[in-house]
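when you get a sec, could you give me coordinates for this:
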Amino acid sequence: MTLTPLELTRPASVTDAFLEQLVARVPGSSGATWKLTEVYTGDVLVELPQSTTDDIERAFAVAREAQRKWAATPLKDRLAVFKRAHALFVGHARAVADLIQVESGKNRRMAIEETCDPPMVMSHYLKRAARLLAPTRRGGPVPLLTTSTEIRQPKGVVGIIAPWNFPFATGVSDAVPALMAGNAVVLKPDNKTALSPLYGVRLLEEAGLPEGLFQVVCGEGPDVGPTLIDHADYVMFTGSTATGRVIGERAGRNLIGCCLELGGKNPMIVLEDASLTEAVQGAIFGAFGNTGQICMHIERIYLPESRYEEFKTAFVAAASALDVRAAYDFGPDMGSLVSVDHMRRVKSHVDDAVAKGATVLCGGKPRPDLGPAFFEPTILEGVTTDMLCGVTETFGPVVSLHKYRTVDEAVALANDTDYGLNASVWSTDVTAARAVAARIESGNVNVNDILATAYAAKGTPSGGVKNSGVGARHGDQGLLKYTDVKNLAVLKKQVMGPRPGQGYEKYVESMLSGLKLMRKLRIR
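Residues are numbered from 1 along each chain as shown. Below is the predicted model:
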């Protein structure tokens, strides 16, 4: 039986007292608050304090003081905190999923999978951090008489601006390597989804993270962002390309580094020999997983002419059969969009496409009977580049189908975008699929999967090209980006110049001969 929003019962773990405890750590000296609502029903959950400029400056001051002590803490002791945190995060996964669902409206599967991301990141860097952060001795310019040592030092206080679509994963996972490297963190989550990252900070402190080291400030981006960037030593941002440009410009003026994971208009190419069953199943998750609110989700599907109708029929049938509703269990296949405002944006993209000639194969409408921000899984045909959803990221449960005649045409269509975050290629011939994947202009490309294989590979950097971002999370650079490099060079004997009585011409001759010899012997 399908429950209406009014019949929903909030998860037992999400009590009023619990929510008040979580938001109590957010500084808000002006008394201004944001009404944080339960997405499924629109009911107010708690009043979230809004941080002023002074609040943010104080948060950075506290974080900076705590960071000095944390950076001086032996690395093994810092890492011990995350060994304990890993167990806590796994043990509290269901309670975290309750918060994620309440604040974002996503279905239970996506909420519980999101809880797994921080432990996976912790586990990876617990294996790599000691090696990455250890001083590394390099060769100097003169063999035996010179040395150069690469020393990694924390940047100081890292500012993290996290989005609403994966608030726990981005808010906590991006902070983990920064903290391991010896930094402090000041996090600004989205107002709509501040609860789960606040709980993540609490769990980290239960594991032994020093109080004050991980600060959380809240407010609207234009109100909070400039002060946060101006006081940070490095910025990690996940969100829209438009906002990423603003953040990148301000970081550049401040001469600090930043990592920007931005939007995508991600393509899926189905090759002629692909398994129809597997490709359709993949497309269902690619288009409608997390209600289409994944930076790496699929918005364009390219199909060979010979199999277009076959795929379309099966895909429309599968999408039409999805269980879409509000529930705090594993029943529904798809949940709500994050807000009414975002639902209206998604609807505007569909309405624009229809007005310009696109055909709705299924869905296409809001579902207020299910909840304030629900929108049907939507498949479009006949989408062109003069339509909003033809070129701009929709970020909802909307996908378009396109035909191609040759693989070269499919690759050209996939690359015909300003974005380059994620792509997907499907074939029973992995070698052929890899060859196509190599031609796609994207930071991530999955063969016979949509996104999880790439994103969950924590040992490999994940980022975007073109307008989809700068830098990457995960991999070695996902930790090293939060460090500065000191080059400690030692000259053991004064040989960097002519010997006493030696003319400079003779010195140059011996220097050039030495360069040739070192190259021949592969010394330098």
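
now Trp164: closest residue in space that isn't a chain neighbour?
Among residues not flanking Trp164 along the chain, Asp190 sits closest, at 3.9 Å (Cβ to Cβ, 6 or more residues apart in numbering). Where you see a C-beta, it was placed from the backbone N, CA and C, and this is true even at glycine.

tell me, how many residues neighbour the one you found?
Number of residues near Asp190 (other Cβ atoms under 10 Å) recorded here: 22.

next, it: phi, psi?
Per-residue torsions, Asp190: phi -70, psi 140 (degrees, to the nearest 10).

and stretch 432-442, what's buried?
432-433, 436-437, 440-442 (16 or more other Cβ atoms under 10 Å).

just the CA coordinates of stretch 78-87, formatted as CSV?
Written as CSV, here are the backbone C-alpha positions of stretch 78-87 (Å, rounded to 0.1, in the frame of the first residue of the first chain):
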residue,chain,number,x,y,z
ARG,A,78,46.1,11.4,13.9
LEU,A,79,45.4,8.3,11.9
ALA,A,80,44.3,6.4,15.0
VAL,A,81,41.4,8.8,15.2
PHE,A,82,40.2,7.7,11.8
LYS,A,83,40.6,4.0,12.6
ARG,A,84,38.1,4.5,15.4
ALA,A,85,35.9,6.8,13.3
HIS,A,86,35.6,4.1,10.6
ALA,A,87,34.0,1.7,13.1
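
how far does that stretch sit from its chain's centre?
22 Å (Cα atoms, centre = their mean, to the nearest Å).

stretch 321-339 now?
23 Å.

pull up the distance across it, start to finish.
End-to-end span of stretch 321-339 (Cα to Cα, to the nearest Å): 24 Å.

please apply the same query to stretch 403-417.
Using Cα to Cα, the end-to-end distance of stretch 403-417 comes to 17 Å.

buried residues of it, list them for me.
403-404, 407, 410-411, 413-414, 417.

please apply the same query to stretch 300-313.
Buried-residue list, stretch 300-313, by 16+ other Cβ under 10 Å: 300-304, 307-308, 311-312.

keep only those of the residues you listed that are in helices.
Counting by DSSP state H, the part of those found in helices is 308, 311-312.

and those residues as a markdown table, adding pLDDT and distance to Val338?
Formatted as a markdown table, these follow (pLDDT from 0 to 100; distance: Cβ to Cβ, whole Å):
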| residue | pLDDT | distance to Val338 |
| --- | --- | --- |
| Tyr308 | 98 | 33 |
| Phe311 | 98 | 30 |
| Lys312 | 98 | 29 |
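
export those residues to TSV and tack on distance to Ala287?
Output for these, formatted as TSV (distance: Cβ to Cβ, whole Å):
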residue	distance to Ala287
Tyr308	16
Phe311	13
Lys312	13
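
which one of those residues is nearest to Arg131?
Distance to Arg131, by Cβ to Cβ, is smallest for Phe311 among those, at 46.0 Å.

which residues sit in contact with the closest one?
Phe311 is in contact with 270, 276, 279-280, 303, 401, counting by Cβ atoms under 8 Å, 6 or more residues apart in numbering.

filter the buried residues of stretch 403-417 down to the ones in strands?
403-404 (DSSP state E).

Ser51: which of the buried residues of stretch 403-417 is nearest?
Thr417 (36.6 Å).

I'd say the closest one and Thr392 touch.
No. Judged on Cβ atoms under 8 Å, Thr417 makes no contact with Thr392 at a distance of 10.0 Å.

backbone torsions only: list them for Gln293.
Residue torsions, per degrees, to the nearest 10, at Gln293 are phi -100, psi 60.

on the pLDDT front, check it for me.
Gln293 is assigned a pLDDT of 98 by the prediction.

with adjacent residues omitted, what lies nearest to it?
By the measure of Cβ to Cβ, 6+ apart, the closest residue to Gln293 outside its immediate chain neighbours is Asn165, 4.3 Å from it.

just to revisit the earlier point, narrow the buried residues of stretch 432-442 to those in helices?
Applying DSSP H to the buried residues of stretch 432-442, the entries found in helices are 432-433, 436-437.

can you tell me which of these is nearest Leu126?
Ala437 (30.7 Å).

give me the three-state assignment for the closest residue to that closest one other than its chain neighbours.
Nearest residue to Ala437, sequence neighbours excluded (Cβ to Cβ, 6+ apart): Val445, at 4.2 Å. Using DSSP: H, G, I helix; E, B strand; the rest coil, the structure places Val445 in strand.

for Asp416, what are its contacts?
For Asp416, the contacting residues are Thr385, by Cβ under 8 Å, 6+ apart.

same question for Phe315.
Contacts of Phe315 by Cβ under 8 Å, 6+ apart are 280, 283-284, 301, 379, 401.

want to try TSV for these, with secondary structure and pLDDT as columns?
What follows is the contacts of Phe315, written out as TSV (DSSP: H, G, I helix; E, B strand; the rest coil; pLDDT from 0 to 100):
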residue	secondary structure	pLDDT
Val280	helix	98
Ala283	helix	98
Ile284	helix	98
Ile301	strand	98
Ile379	strand	99
Leu401	strand	98
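
could I get the buried residues of stretch 300-313 as JSON lines with distance to Gly396?
Formatted as JSON lines, the buried residues of stretch 300-313 follow (distance: Cβ to Cβ, whole Å):
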{"residue": "Arg300", "distance to Gly396": "14"}
{"residue": "Ile301", "distance to Gly396": "16"}
{"residue": "Tyr302", "distance to Gly396": "20"}
{"residue": "Leu303", "distance to Gly396": "21"}
{"residue": "Pro304", "distance to Gly396": "27"}
{"residue": "Arg307", "distance to Gly396": "26"}
{"residue": "Tyr308", "distance to Gly396": "24"}
{"residue": "Phe311", "distance to Gly396": "22"}
{"residue": "Lys312", "distance to Gly396": "20"}
